[in-house]
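Student: no FASTA, just this:
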């Protein structure tokens with residue numbers, strides 16, 4: 001739902017005419033192989049990485065996810081050569097910070113990237129799922145762009161908005177018509193990610209959801225779904241899946257990469273990733289789906305969860321007004337699950353009408369990093385079938401209780417009594433009928449003699 005699009009550059013067209021030298025071609029590394037489907041079948045295939053629930057297991061699971069390859073003739077070109085090719089032929093990219101890997105992200109943040117980034121965008125050629133998870137965990141919105149459309153040459157454009165559109169749930173505005181329409185639908189969470197992605201492409205075109213990005217989102221989604229399944233079988237709580245190492249107020253997690261980046265980013269902490277010395281990104285993909293009563297998917301959105309913050313990536317709707325219902329219900333579901341706010345990305349009118357406001361970059365990062373380690377109750381809500389089957393209840397305005405309704409007293413309060421006394425003295429405070437009954441003419445002149453309606457004998 002964020003609506004963030006990738007910037008285009010006319011200069012990128014020249015890249016389409018460059019042939020990769022045969023002498024420079026190299027075989028892809030093993031981590032670029034086509035990923036095998038992940039899920040509950042991982043245990044049957046003897047893959048132990050996804051069965052653990054600790055931070056080290058999470059780091060290993062993310063590192064094992066294969067990297068999608070470039071398309072077309074760029075498949076076998078080494079990344080370093082692609083980097084040199086793009087920077088030579090597309091000067092615009094030389095003006096943006098390049099993020100090579102997780103260490104590069106940490107270094108840039110420590111050097112004050114949040115202060116110095118001008119046009120919101122960095123760029124990278126790293127499409128490893130773990131790296132994308134790291135970007136999301138640090139507050140970036142990952143966008144994929146194809147250079148000179150149709151070439152199959154993709155770049156990653158991590159976006160760190162100058163101003164972020166954020167919804168605080170107490171400010172949510174739901175129209176009366178939306179509440180009424182919600183009775184015709186049911187909702188689900190994490191039930192149909194692939195269908196949601198297809199719906200987004202159906203409505204918006206590929207936009208930034210190019211094949212590498214779709215493969216990454218699916219891999220991250222399946223990775224955490226397998227870990228969640230393993231956690232439930234072992235009796236562990238969902239908050240143990242890499243999000244509990246910094247419980248409490250979230251400040252311990254925030255110290256790893258402070259909002260402005262000008263602080264301690266190397267301080268060790270419980271739950272530290274043994275591979276990098278940095279806490280493993282616990283980012284997980286999520287989808288919210290809206291169905292009609294016949295079981296047809298009519299609206300939905302995908303995004304990512306970091307602790308108690310949900311970030312929207314994209315969304316779609318197929319039936320008139322179903323998008324408004326999906327947004328309102330998603331907000332209430334997130335609130336029910338204990339989320340602190342909803343990151344909506346780029347500003348659009350429909351988001352501000354929903355009640356969202358704009359946060360400056362540093363304010364967003366400060367709030368985001370304070371909650372990204374806190375556990376939510378999203379899986380409890382996801383399993384609440386009664387609630388999901390009748391979600392309209394979430395949007396109904398509660399009736400005030402007896403204690404909330406002010407009681408009427410026999411004696412008027414001082415304000416009312418004072419106003420009545422003033423009306424007795426000043427006919428200009430009276431209505432036309434009251435003036436007539438009091439003997440005052442409509443032009444507020446001198447009082448007239450009241451007509452005597454009594455009978456005399």
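Tutor: Looks like it arrived, so ask away. All values reported here derive from a predicted model rather than from experimental measurement.
Student: Low-confidence stretches in this protein?
Tutor: Within the chain, the segments meeting pLDDT under 70 span 1-56, 235-278, 397-457.
Student: Give me the helices and strands touching whatever helix or strand residue 60 lives in, please.
Tutor: According to DSSP states H and E, residue 60 maps onto helix 55-64. Counting contacts by 3 or more C-beta pairs under 8 Å, 6 or more residues apart in numbering; DSSP states H and E, helix 55-64 is packed against helix 129-137, helix 211-234. (Glycine included, C-beta is placed from N, CA and C.)
Student: ok, how many other residues are close to residue 149?
Tutor: 13 (other C-beta atoms under 10 Å).
Student: go on, residue 207?
Tutor: Other residues close to residue 207 by other C-beta under 10 Å number 18.
Student: Quick check: beta-bridge partners of the residue lying closest to residue 313 once chain neighbours are set aside?
Tutor: Counting by C-beta to C-beta, 6 or more residues apart in numbering, residue 303 is the residue found nearest to residue 313 once chain neighbours are left out, at 4.7 Å. For residue 303, the beta-bridge partners are residue 286, residue 312 (DSSP bridges).
Student: Cross-check the contact I'm expecting between residue 303 and residue 309.
Tutor: No - with contact defined as C-beta atoms under 8 Å, residue 303 and residue 309 do not form a contacting pair (10.0 Å).
Student: circling back to that earlier point, I'd like to know which of the helices and strands packed on helix 55-64 lies nearest to residue 363.
Tutor: When the helices and strands packed on helix 55-64 are compared by C-beta to C-beta, helix 129-137 sits nearest residue 363, at 18.4 Å.
Student: Which elements pack onto the closest one?
Tutor: helix 55-64, helix 102-110, strand 141-146, helix 211-234, strand 297-306.
Student: got these as JSON lines, with distance to residue 179 and mean neighbour count columns?
Tutor: Putting the helices and strands packed on helix 129-137 into JSON lines (distance: least, C-beta to C-beta, whole Å; neighbours: other C-beta atoms under 10 Å) gives the following:
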{"stretch": "helix 55-64", "distance to residue 179": "40", "mean neighbour count": "21"}
{"stretch": "helix 102-110", "distance to residue 179": "42", "mean neighbour count": "19"}
{"stretch": "strand 141-146", "distance to residue 179": "30", "mean neighbour count": "22"}
{"stretch": "helix 211-234", "distance to residue 179": "31", "mean neighbour count": "20"}
{"stretch": "strand 297-306", "distance to residue 179": "16", "mean neighbour count": "25"}
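Student: tell me which element residue 207 is part of?
Tutor: Using DSSP H and E, no helix or strand contains residue 207.
Student: Would you mind measuring from it to residue 336?
Tutor: 31 Å (C-beta to C-beta, to the nearest Å).
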